[in-house]
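Visitor: Sequence and computational prediction follow.
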Amino acid sequence: MRLFFFKAGIRTKINLGIITIVLVSVLLIALAASQIVSRALFQEYRNRGVSLAINLSARSEDPILAMDFLRMRRLIGEVTTSAGDILYAFIQDPDGEILSHTFTDGFPVALKTANHVRSTQRCNVRLLAAEGDQFYDFAAPVMVGEFQVGTIRLGLLRTQVTSTVTELWWAIFAFAILSIVVSDTVGFSLARNLTTRIKRLQAASEDMIMGHREADDASPLVDVPRITAGREPGKASVLKRLDGDEIHQLSETFDAMTATIKRYIEQLAASKDVLAKSETKYRRIFEDSMDLIFVADHDGRLLDINPAGIRMLGYDSRQNLMARETLTSLIISPDDARELFADIRRNGFVKDRECILRTRTGGELAALLSMTVRSGPAGRITEYEGIVKDITQRKLMHRQLLQADRMASLGQLAAGVAHEINNPLGLILGYTQLLLREEADATGYKDDLQTIEKQTRNCKKIVEDLLNFARKSGTLLSDVNINSALDAVISVVRNQLELDNILIRTHYDDHLPEIAGDTEKLKQVFMNMLINARQAIGKNGTITVVTAVDADGQSVMITFKDDGPGIEPDIMDKIFDPFFTTKPTGQGTGLGLSVSYGIIEDHQGDIQVSSEVGRGTEFRIRLPMGKQTTKQDAM
């Protein structure tokens, strides 16, 4: 195929192309014709041989039955002398023995069994070869009624067919030579006419490049005034038609096209530069923004989303997120989604709409959504564009501030109440103990006094918890091994858990660093967590305790997870309030989580809780690593 890429004139290439086409066409025609002719001739030869063999078998019935060898010799001799391409003929008896043949130099024994024919066949044909020649062997049975009395064998040479095909090839070759001569003559004439015009165009182009153009060859572009509505008048270029042949007109048109394209390229280059800068600026804003930015079609299917949005929703790739989610599916509440789209279709935008989004893992993401619509020419919505701000941490901090403010107020109240109650309780307990010493065992008041003493001590314990909660007693900082502290607490409650058929599982980080804290107070927190989990489960369940370094690498995370009934959403914000409890009367004071909250806060940590009704609750305690000071020390 590189024939047309060598360095030569177009006239030579045209001639060579025409010759190549003619040669290829002639070769294809010759191949097809020779195949067709050969197939037809060979079929005709086979048919002729079959006809001769069957005819000879019909004429050989009487001589074979009479064993007239002379007549058999005469019959096969007449057949072989009737045509020059019959190589041999012979007659066999039913046992395959030769009765008569036309061979002069002796009968070739291998030929006897070279071709067999059954009595049910009219004729059997085989292609044989001997001494470099190929020939057809025809075998026809000689039948008398249902009995085969002999076999006629004929040999027919293929030389006549081969010679005929060779003659055809020579005729085609002669036709190809003649066709090449004629096509070369015609091609030369056409090529000369075309190259003459191209040379004229080339000469004119060279003259234009050199500036050697006559007055009538001036630029075909003529500037005419152009007035555009709402704009300043300008100029437009139109093509001035000149006389001349097609090649000359083509040259002028090329000049005009080149000038126009150059002008357009300059304008496009300037516009492209402006667009590229704008695209780069806005793409950078889109890609680098820390808020979720998205584009969706009129059905809410995501068309594009920035990397911050992919991370915010917990996905690993843009394609995975866009294939699985739509705007409607990302909003957890179907009612909120319907209301959102109703407002945006009515107003054309929404601003700072608070909603809860669903992440890939099924978690919730509190967000502020601002969105606008893009409409088509008919006023129909074609796209939605929007920004989503993650306000989960903001809402969490808001809840924590409210909780801290409420806890501070309750702490002041608890401190005042505890002081007012503590003194009367001391007096009641003292006088009760005096009465117990003076009362004889036989009197009926001793049991009542012991009950008063017991309940008074319970009240003092509650008051002490209130004071601890309110005053935040001093914290003794030391190096704390969290895993060891957990093991110590678990060893205390393990037997009680096993009695309730509750399995406790631990997954510790063996490389967890020590932290600065109060070991005994932290053990109190861990004990409260395990007791609350046991009471929530009741019987038959699992508590899982996990320790690990937090993702920020600056704090330690302790997780307590149970498979109990979970916490109702409407009481989630109250569980850290003092005296709030879901346990029956007499089974809890409601101070365990409040005191734990205060201890962890005093260690500059935090407690987070998540729960799903029917599936359990998870408390996550985060404590900072390294040297620290308590809030009391800081004050």
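Guide: Okay, I see it. Keep in mind that what you see is a predicted model, and the values were worked out from it rather than measured.

Visitor: use CA for all of it now, contacts and neighbours both
Guide: Fine.

Visitor: which residues touch T506?
Guide: Listed by Cα atoms under 8 Å, 6 or more residues apart in numbering, the contact partners of T506 are T544, V545, V546.

Visitor: if you set the cut-off to 10 Å instead, what comes out?
Guide: By Cα atoms under 10 Å, 6 or more residues apart in numbering, the contact list for T506 reads N483, L486, D487, I490, I543, T544, V545, V546, T547, T559, F560.

Visitor: How about the secondary structure of it?
Guide: Here T506 is recorded as strand under DSSP: H, G, I helix; E, B strand; the rest coil.

Visitor: Next: L41.
Guide: helix.

Visitor: cool, the one 3 residues further on as well?
Guide: When classified by three-state DSSP, E44 comes out as helix.

Visitor: Identify the residues contacting it.
Guide: S38, V50, V161.

Visitor: M529 now?
Guide: K523, T559, F560, K561, G592, L593, S596, F619.

Visitor: Report the distance from the strand or helix carrying it to the chain centre.
Guide: The secondary structure element spanning M529 is helix 519-537 (assigned by DSSP states H and E). Centroid separation for helix 519-537 versus its chain: 47 Å, with Cα atoms, centre = their mean, to the nearest Å.

Visitor: Can you name the next helix or strand after it?
Guide: In N-to-C order, the element after helix 519-537 by DSSP H and E is strand 541-549.

Visitor: which secondary structure elements does that next one contact?
Guide: Secondary-structure packing of strand 541-549 (3 or more Cα pairs under 10 Å, 6 or more residues apart in numbering; DSSP states H and E): helix 482-499, strand 502-507, helix 519-537, strand 555-562, strand 616-624.

Visitor: quick one: least confident helix or strand in the protein?
Guide: strand 221-226 (a mean of 48; mean pLDDT, DSSP states H and E).

Visitor: circling back to that earlier point, for the helix holding M529, the averaged confidence score.
Guide: Regarding helix 519-537, the rounded mean pLDDT is 87.

Visitor: and it with strand 541-549, angle?
Guide: 140 degrees (axes from the mean of the first three to the mean of the last three Cα atoms, to 10 degrees).

Visitor: circling back: of all the helices and strands packed on strand 541-549, which one is nearest D133?
Guide: Nearest to D133, of all these, is strand 502-507, at 92.3 Å by Cα to Cα.

Visitor: so how far is the next helix or strand after the closest one from its chain's centroid?
Guide: Per DSSP H and E, the first helix or strand lying C-terminal to strand 502-507 is strand 515-517. Its chain's C-alpha centre and that of strand 515-517 lie 48 Å apart, by Cα atoms, centre = their mean.

Visitor: on contacts alone, who are the packing partners of strand 515-517?
Guide: strand 478-480, helix 592-602, strand 616-624.

Visitor: V493 against I543, yeah?
Guide: No. Proximity of V493 to I543 does not meet the contact threshold set by Cα atoms under 10 Å, at 12.0 Å.

Visitor: Of the two, give the one with the bigger neighbour count.
Guide: Between V493 and I543, counting by other Cα atoms under 10 Å, I543 is the more crowded of the two (22 against 14).

Visitor: residues touching that one, list them.
Guide: 497, 502-506, 530, 533-534, 537, 560-564, 616-618.

Visitor: hmm, 6 Å instead?
Guide: I504, K561, D562 (Cα atoms under 6 Å, 6 or more residues apart in numbering).

Visitor: Repeat that for R353.
Guide: Applying Cα under 6 Å, 6+ apart, the residues near R353 are L368, L369.

Visitor: if I've got this straight, it is in a strand?
Guide: Yes. Counting by three-state DSSP, R353 is part of a strand.

Visitor: from the contacts of M529, which has minimum pLDDT?
Guide: Within the contacts of M529, lowest confidence goes to G592 (71).
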